[in-house]
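Participant: Here is a sequence with its predicted model. Questions after.
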Amino acid sequence: MAVARALAHEAEKLLACIHCGLCLSACPTYLQLGDENDSPRGRLYLMRAVAEGRLPMTSEALARHIDLCLGCRACETVCPSGVRYGRVLEAMRADLARERLTLGQRGARFLLNHVFTSPMRLRWIFAPTRWLRRRPFARRLAEGGLLPARLKLALELLLATSPEADSIFTLPRERRPSPSASARGEGRRVAFFAGCVARELFEQTNRATKEVLMAHGCEVEDPPDQVCCGALHAHAGELETARALARRNVRVFERCAAEALVVNVAGCGAMLKEYGELLAGDPEYAERARAFAARVRDISEYLIEIGLRPGSRPVGLTVTYDAPCHLHHAQRVTTAPLELIRRIPGITFVPLVESEICCGSAGIYNLRHPELADRLLHRKLEHLRRTGADVVLTGNAGCLMHLRRGVRRAGLSIRVMHPIELLALTYE
Ligand code: SF4
Ligand code: SF4
């Protein structure tokens, strides 16, 4: 095969597709658009055509169909041939990013390579957004018709990160498990991966995660020099930046004498678990990255592994669960979140139809393709409405924002929370 650069390394994964079509009914974009080119099989066919020199990299159709992919990896879960679609997609996007970029993509690339690589710059960029989300005029602005559609959408998503977005999270600070008291338990040591957007905008979720870990007798290390996991970069085809971030995180967490590296954002967890593959070609880091990846656990996985101890305060709520794609499909962590949720005292659990189908958030997909993202969101909200639940739980920052915005706009009285926040409420 005369193949393009990054795609060249994934050529055998392309050949693994036997064109059976079993992935079509699992693919959200195919289900919405009904075009084979917007299915996993169709996209793989297009990528193979590029790899074999039958389709130029400059093809408009190629760029459009690859761009419309959510990267949800539902196709990987159902594929009998084990096609590693996510890896091939990232390689294709890396090659496309070198070939052609729209103005918007250039802007996103600048932010990814020059802002998301630096915790200090991220802090500066997010400081005004943290201020803005607490201002009453911001809500009025989001509800009014003055802003251009894309800006209004971004503001709505920002407002959905406000700690007051779901006022259920109001347990007084002094009633939360005390770190110093609870850490005296079994002497487990864990390192916490705080995430970049999560550290800046989901402080209540991160705080709840640390508190629950401490209530389990864990001493929690949160290295201040950790950086973004690189997931947004890899998904956008910025693989070299993703590798640079991965090397930095490997160095930082090597210094932590922790039995596990715990993460509460599904998208970050999926990326961190794939560092071994991302750095496989780096002689200095390949082995270190594999060792790093082997320690990574989603918070639900880790708590079930060490023996979950829910608190004693019943919450008295009807609860449902929406599985984040990067937990369910990319990490294949399917039972631990459900087990955790079912053991929260005082809940009635109701299953959600199509829980494992993407809500349309998909990183920044909802900002880039708002129409299709909203169609997926609408379908999700219809299923949510039928559950009659008080709370929907989901373990990914992007899904939390997207679902909260949707619930608010639809006028549903459902709170959207991370499972760990609800669990944290049960401790005295
Ligand atoms: S299920 Fe797997 S092998 Fe079958 S068409 Fe889809 S990607 Fe190819
Ligand atoms: S990653 Fe998701 S949207 Fe993309 S082809 Fe696979 S199932 Fe479809």
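Facilitator: That came through, no problem. Ligands and ions are numbered 1, 2, ... in the order given.
Participant: Enumerate the residues of the chain near ligand 1.
Facilitator: The interface of the chain toward ligand 1, taken as C-beta under 6 Å from any ligand atom, is made up of 17-23, 40-41, 44, 75, 79, 81, 83. From N, CA and C alone the C-beta is placed, and that goes for glycine too.
Participant: Filter the residues you listed down to the buried ones.
Facilitator: A residue is treated as buried here by neighbour count (16 or more other C-beta atoms under 10 Å); on that basis the buried members of the residues of the chain next to ligand 1 are 17, 23, 40-41, 44, 75, 79, 83.
Participant: Point out the residues in the stretch 1-150 of the chain that sit beside ligand 2.
Facilitator: By the criterion of C-beta under 6 Å from any ligand atom, the positions of the stretch 1-150 of the chain lying close to ligand 2 are 26-29, 40, 43, 69-75, 85.
Participant: Same list as before, the residues of the chain next to ligand 1 that is, but in TSV and with pLDDT included.
Facilitator: Listed next are the residues of the chain next to ligand 1 as TSV, based on pLDDT from 0 to 100:
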residue	pLDDT
C17	94
I18	94
H19	94
C20	96
G21	96
L22	96
C23	97
P40	97
R41	97
L44	96
C75	97
C79	96
S81	94
V83	94
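Participant: tell me which of these is nearest to N396?
Facilitator: Set against N396, the nearest of those by C-beta to C-beta is C75 (18.7 Å).
Participant: where does the closest one land in three-state SS?
Facilitator: Taking DSSP: H, G, I helix; E, B strand; the rest coil as the rule, one finds C75 in the helix state.
Participant: Enumerate every residue touching L89.
Facilitator: Contacts were defined as C-beta atoms under 8 Å, 6 or more residues apart in numbering; by that measure L89 touches 43, 66, 69, 71.
Participant: so where does the second one fall, helix or strand?
Facilitator: Applying DSSP states H and E as the criterion places I66 in helix 60-67.
Participant: just checking, what packs against that helix?
Facilitator: Contacts of helix 60-67 with other secondary structure elements, assessed using 3 or more C-beta pairs under 8 Å, 6 or more residues apart in numbering; DSSP states H and E, are made with helix 40-51, helix 85-99.
Participant: Adding distance to E428, write these out as a markdown table.
Facilitator: Putting the helices and strands packed on helix 60-67 into a markdown table (distance: least, C-beta to C-beta, whole Å) gives the following:
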| stretch | distance to E428 |
| --- | --- |
| helix 40-51 | 48 |
| helix 85-99 | 42 |
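Participant: Please list only the buried members of the residues of the stretch 1-150 of the chain next to ligand 2.
Facilitator: So, by 16+ other C-beta under 10 Å, the buried ones in those are 26-29, 40, 43, 69-75, 85.
Participant: longest helix of this protein?
Facilitator: helix 370-387 (DSSP state H).
Participant: tell me the average confidence for the next helix or strand after it?
Facilitator: Next helix or strand after helix 370-387 toward the C-terminus (DSSP H and E): strand 391-393. On average, the pLDDT along strand 391-393 is 97.
Participant: Other residues contacting strand 391-393?
Facilitator: Contacts to strand 391-393, defined as C-beta under 8 Å, 6+ apart, come from residues 168, 317-322, 337, 341, 352, 384, 403, 407, 414-419, 422.
Participant: Grab the nearest non-local neighbour of K210.
Facilitator: Using C-beta to C-beta, 6 or more residues apart in numbering and skipping residues adjacent in sequence, the residue nearest K210 is V220, 5.0 Å away.
Participant: what's the helix or strand that contains the one you found packed up against?
Facilitator: With secondary structure defined by DSSP H and E, V220 is part of strand 218-221. For strand 218-221, the packing partners by 3+ C-beta pairs under 8 Å, 6+ apart come out as strand 188-193, helix 203-215.
Participant: The same query, at a cut-off of 6 Å, please.
Facilitator: Applying 3 or more C-beta pairs under 6 Å, 6 or more residues apart in numbering; DSSP states H and E, one finds that strand 218-221 contacts strand 188-193.
Participant: From the residues of the chain next to ligand 1, which land in helices?
Facilitator: In this view, these that belong to helices under DSSP H are 40-41, 44, 75.
Participant: Output those in TSV, with distance to H235 appended to each entry.
Facilitator: Written out in TSV, the entries for those read as follows (distance: C-beta to C-beta, whole Å):
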residue	distance to H235
P40	16
R41	21
L44	17
C75	15
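Participant: Can you tell me which of the residues you listed is nearest L303?
Facilitator: Nearest to L303 among those, with distances taken as C-beta to C-beta, is C75, at 29.5 Å.
Participant: ok, that closest one - contacts?
Facilitator: Applying C-beta atoms under 6 Å, 6 or more residues apart in numbering to C75 gives the contacts 23, 26-27, 40, 85.
Participant: Would you check which pair of these lies furthest apart?
Facilitator: The largest separation in the contacts of C75, counting by C-beta to C-beta, is between A26 and Y85 at 10.9 Å.
Participant: Just want the most central residue of this protein.
Facilitator: In the chain, the centroid-proximal residue (C-alpha atoms, centre = their mean) is G267; its distance is 2.7 Å.
Participant: and that one, what element?
Facilitator: According to DSSP H and E, G267 maps onto helix 266-273.
Participant: Which secondary structure elements does that helix sit against?
Facilitator: Helix 266-273 sits against helix 231-235, strand 296-298, helix 325-328, with contacts defined as 3+ C-beta pairs under 6 Å, 6+ apart.
Participant: weakest of the ones you listed by average pLDDT?
Facilitator: Ranked on mean pLDDT, the bottom entry among the helices and strands packed on helix 266-273 is helix 231-235, at a mean of 92.
Participant: Run through who's touching the helix or strand that it is followed by.
Facilitator: Heading C-terminal from helix 231-235, the first helix or strand you meet, by DSSP H and E, is helix 239-254. Outside helix 239-254, the residues that touch it by C-beta under 6 Å, 6+ apart are 94, 113, 191, 223, 225-228, 230, 233-234, 261, 275, 278-279, 285, 288-289, 292.
Participant: Can you give the distance of the following helix or strand past helix 239-254 from its chain's centre?
Facilitator: Following the chain from helix 239-254 toward its C-terminal end, the next helix or strand by DSSP H and E is strand 260-263. Computed by C-alpha atoms, centre = their mean, to the nearest Å, the chain-centroid distance of strand 260-263 equals 15 Å.
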